[in-house]
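Engineer: Below: sequence and its predicted model.
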Amino acid sequence: AQKVTQAQTEISVVEKEDVTLDCVYETRDTTYYLFWYKQPPSGELVFLIRRNSFDEQNEISGRYSWNFQKSTSSFNFTITASQVVDSAVYFCALSEGITGNQFYFGTGTSLTVIP
Amino acid sequence: ETGVTQTPRHLVMGMTNKKSLKCEQHLGHNAMYWYKQSAKKPLELMFVYSLEERVENNSVPSRFSPECPNSSHLFLHLHTLQPEDSALYLCASSQAGRAPTDTQYFGPGTRLTVL
């Protein structure tokens, strides 16, 4: 079974709209880490955020915010007032255990922001 | 140079060729990774090197051969590839083996096309 599910394959929004990218994960570990990466057309995965399983505080960084809910095993990502530069594929990832080397990635959500 | 670099950025090869992909990290990390990214599929972890020793090999075909001569360099030797091996090959590095799990930082990838 997929450990990380990103059900939204493609999303299109008009510039300045808000958009939420969903991520649902599955793990039996009590210690784990969740990540979001952005992959622009150039190909490089750009690290956005890391969250450990003991910290359920939501985080805001500029126009980006993340909502971590252990009760629903979700780690959703919201972009406020989207811009054309936000167009990219976004990946959610899970790392299990305290020192887990293996990351489990979702299939990604392709976001297109229309000017 | 900073971060994680990969060369070449694009590679086209025939099924009988032998080529190598190179990755170099300038972050002082001690673990490096090869991933394969195919369309519509999650990133697939191929190889992990921690402290220059291979720690995981996820049943990758033998036509892919990794080499990690030191903690800053990682190679992926390719021979007798198949057209289905065409993909984006991503290299990543992290400071693994300690708590908490550290973030993986990615290079820009090599776009490989096998004819």
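Structural biologist: Cool, got the structure.

Engineer: What residues does residue A:8 make contact with?
Structural biologist: Residues in contact with residue A:8 (CB atoms under 8 Å, 6 or more residues apart in numbering or on different chains) are A:21-22, A:109. To be clear about C-beta, it is placed using only N, CA and C from the backbone, and glycine gets the same treatment.

Engineer: The same query, at a cut-off of 10 Å, please.
Structural biologist: Residues in contact with residue A:8 (CB atoms under 10 Å, 6 or more residues apart in numbering or on different chains) are A:19-23, A:90, A:106-111.

Engineer: Show me these that map onto helices.
Structural biologist: Among the contacts of residue A:8, the subset assigned to helices under DSSP state H is empty.

Engineer: which among those end up buried?
Structural biologist: Buried by 16 or more other CB atoms under 10 Å in any protein chain shown: A:19, A:21-23, A:90, A:106-109, A:111, out of the contacts of residue A:8.

Engineer: Low-confidence stretches in chain B?
Structural biologist: Along chain B, segments meeting pLDDT under 70 span B:1, B:97-101.

Engineer: Name the residues of it found near chain A, please.
Structural biologist: Within chain B, the positions near chain A by CB under 10 Å from any CB of the partner chain are B:3-4, B:6, B:9, B:31, B:33, B:35, B:37, B:40-45, B:48-50, B:55-56, B:58, B:88, B:90, B:92, B:94, B:96-111.

Engineer: Filter those down to the buried ones and express that as a ChimeraX selection.
Structural biologist: Buried subset of the residues of chain B next to chain A, written as a ChimeraX selection, criterion 16+ other CB under 10 Å:
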select /B:4,6,31,33,35,37,42,43,45,48,49,50,88,90,92,94,96,101,102,103,104,105,106,107,108,109,110,111
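
Engineer: hmm, back to that, will you turn the buried ones among the contacts of residue A:8 into a markdown table that also has pLDDT and distance to chain B?
Structural biologist: What follows is the buried ones among the contacts of residue A:8, written out as a markdown table (pLDDT from 0 to 100; distance: CB to the nearest CB, whole Å):
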| residue | pLDDT | distance to chain B |
| --- | --- | --- |
| A:19 | 98 | 21 |
| A:21 | 98 | 15 |
| A:22 | 98 | 15 |
| A:23 | 97 | 12 |
| A:90 | 97 | 13 |
| A:106 | 93 | 6 |
| A:107 | 92 | 5 |
| A:108 | 94 | 8 |
| A:109 | 96 | 12 |
| A:111 | 97 | 16 |
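
Engineer: Identify the residue nearest residue B:29 in space, chain neighbours excluded?
Structural biologist: Excluding the flanking residues, the one nearest residue B:29 by CB to CB, 6 or more residues apart in numbering or on different chains is residue B:93, at 4.1 Å.

Engineer: From the centroid of chain B, which residue is nearest?
Structural biologist: With distances taken as CA atoms, centre = their mean, residue B:34 lies nearest the centre of chain B, 2.6 Å away.

Engineer: thinking residue B:87 is in contact with residue B:36, fair?
Structural biologist: Yes. Taking CB atoms under 10 Å as the definition, residue B:87 is a contact partner of residue B:36 at 5.1 Å.
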